[in-house]
Every structure is written in C-alpha cells, then in structure tokens.
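Student: quick one, what's the 3D model for this:
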Amino acid sequence: MSQPKPTSDKSPYYDLASKHGVEIVFRPFIKVEGLTAKEFRQQKVSISDHTAVIFTAKTAIDHFFRLCEEMRITIPVTMKYFCTSETIANYLQKYIIYRKRKIFAGKTGKLADLVPAMLKHKTEKFLLAVSDVNNGDSENILVENKLDYTRGVMYRTVSNDFGPDEAFDYDMLVFFSPQGIESLLKNFPDFKQDNIAIAALGATTSKSVTDAGLRLDVEAPTAQAPSMTAALDLFLTKANA
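Tutor: Now for the predicted structure:
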C-alpha cells in the first residue's frame, strides 16, 4: 500500500486484511517536502497582498503557516479561509481560533463546490495554496467565475527512495497518485510486473499505470466499487474463489 500507515486501528484496510487473510504493508512511495522561504519568494507571490486563502489539503495548511512564520509574516485577523471540506476546515484549529464568519467549507471536497461562497466575497484577493504537482485543471472554475486569485506553490512531492537492502517481494502494489508510479520506476528501473497485480485510485493514476506499459488489474472508483477498499475486496474475493 503506497501510503502511510493509518493512524487508527479502525481503518477498513485492516478489516480487509482480516477478511481475506492477507498481509498489508504500508510503504509510502512518495513524500512531501516544504519549499524554503527563498524558493517561495522566487515565485514573486506576496502572501500579505491577499485577503483570503484557499486550501484543498491539510498539508497546504501546514506549509502555509510554516512559511508565514519563517518569513515573519503576521496574518491579519481579517483573513478569510476557504476549504474544500469540513475536515480541512477543522484542521485550521491547529493554527487559528475557529470562527465561522471567516472560515468557509465545501461538502464535496472539490474546488467547484466552494465557488458559490467565494462569489459572495468576490472582492477578496484569493491565494490558492498548492503543491508542485497541481496541474491547474481544477482552477479553470476560478478563472471562469472571474475570481481574483494567485497560485502559490508551497510544497513539493518527491520520490521516497528504497534502501538497497529493503525487501520488495509483494504480490500487489496499490497506487494513489501518478507520482507513486514515477517513484516505482525511479527506484526500480528494471521493474518487471509478471504476476504482480497493480491497483490504482483515480483516472489519472490509472492512466499513469498503462502509460508506463504496466498492466492495471484493479481500478477505483467504479460503479461496482466506489472506493479502493471496495475494489480490493471484489478482487480478493474473485482471487480466493
């Protein structure tokens, strides 16, 4: 499983392992690194010029406040925060006092869901905090609605290297982003799939698998399997049968 180990014992992946009698190893193929203050300044983006921030991930929140601290930027109490989900909005409590009048949350996790709230505050100057792998496609909705925003890259995704003595003897690899595929090929340039099954979450990740000349055995979400755990459950049920 190419992601960090769940923090809770109630993860559905543990239920899956118990149900099918398989061992699940959590081994991130990628990791996140924050940009330095110097690297951020090279973008010519001034945080202080903005009156609202858009967050699409908790990681973005961490690096936004880290950069502000490193650059000695005082965030005004009037700053507004627009988050693509309630979970991300609640995470802001780690850094600020939660006040609903200045924190807005979407319900679907998609940027488009935030637009109605943003249009009610159209005079704000928005800062969109993103990673270096954000392709910008989702930002079209901001352009279409003529919202005044700036894109600020605050962290990057890099390959998590495998050690020379680290075992790599898995029956299945599960990927959640195209960067995971890139890391696989970087760490193992002579990788031969053979009987190793590959699962991918999302259309972009699935395409990365096939573009790399690999066989895609499990894809999620689908009509039959709305989540990765559901897709793996179906696959393992058929395999055991």
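
Student: poorly predicted segments of this protein, please.
Tutor: Within the chain, the ranges that satisfy pLDDT under 70 run 134-137.

Student: for it, what's the longest strand?
Tutor: Across the chain, the longest stretch assigned as strand under DSSP state E is strand 149-159.

Student: strand partners (parallel or antiparallel) of the next helix or strand after that strand?
Tutor: Next helix or strand after strand 149-159 toward the C-terminus (DSSP states H and E): strand 172-175. Sheet pairing for strand 172-175, assigned by DSSP bridges, gives strand 197-201 (parallel).

Student: what does the partner strand rub up against?
Tutor: 171-176, 206, 208-209, 214-221, 228, 231-232, 235 (CB atoms under 8 Å, 6 or more residues apart in numbering). No exception for glycine: its C-beta is placed from N, CA and C like everyone else's.

Student: helices of this structure, residue ranges please.
Tutor: 12-20, 37-41, 58-70, 86-91, 115-119, 140-144, 178-187, 203-211, 228-240 (DSSP state H).

Student: that older thread, with just CA atoms, put the longest strand of the chain into CSV.
Tutor: Taking C-alpha atoms only, strand 149-159 is exported to CSV below (Å, rounded to 0.1, in the frame of the first residue of the first chain):
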residue,chain,number,x,y,z
TYR,A,149,-6.7,34.7,-7.3
THR,A,150,-3.0,33.8,-7.2
ARG,A,151,-1.5,30.4,-7.3
GLY,A,152,1.2,29.8,-4.7
VAL,A,153,3.2,26.6,-4.7
MET,A,154,4.2,25.9,-1.0
TYR,A,155,5.4,22.2,-1.1
ARG,A,156,6.6,19.6,-3.4
THR,A,157,6.1,15.8,-3.8
VAL,A,158,9.3,13.8,-4.2
SER,A,159,10.2,10.1,-4.6
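
Student: report all helices and strands that that strand contacts.
Tutor: strand 30-34, helix 37-41, helix 58-70, strand 126-131, helix 178-187 (3 or more CB pairs under 8 Å, 6 or more residues apart in numbering; DSSP states H and E).

Student: which residues touch the residue nearest to the spatial centre of the chain?
Tutor: The residue lying closest to the centre of the chain (CA atoms, centre = their mean) is residue 57, at 6.6 Å. By CB under 8 Å, 6+ apart, the contact set of residue 57 is 88, 131.

Student: returning to that earlier point: out of the helices and strands packed on strand 149-159, the one nearest residue 147 is which?
Tutor: Ranking the helices and strands packed on strand 149-159 by proximity to residue 147 (CB to CB) places strand 126-131 first, at 6.1 Å.

Student: distance between that closest one and the chain's centre?
Tutor: 14 Å (CA atoms, centre = their mean, to the nearest Å).

Student: next: stretch 168-188.
Tutor: In terms of CA atoms, centre = their mean, the centre of stretch 168-188 is set 16 Å apart from its chain centre.

Student: how long is that stretch end to end?
Tutor: 10 Å (CA to CA, to the nearest Å).

Student: same question for stretch 185-205.
Tutor: When the termini of stretch 185-205 are compared using CA to CA, they are 14 Å apart.

Student: hang on, the earlier thing: give me the distance from the longest strand of the chain to the chain's centre.
Tutor: Distance, centroid of strand 149-159 to centroid of chain: 11 Å (CA atoms, centre = their mean).
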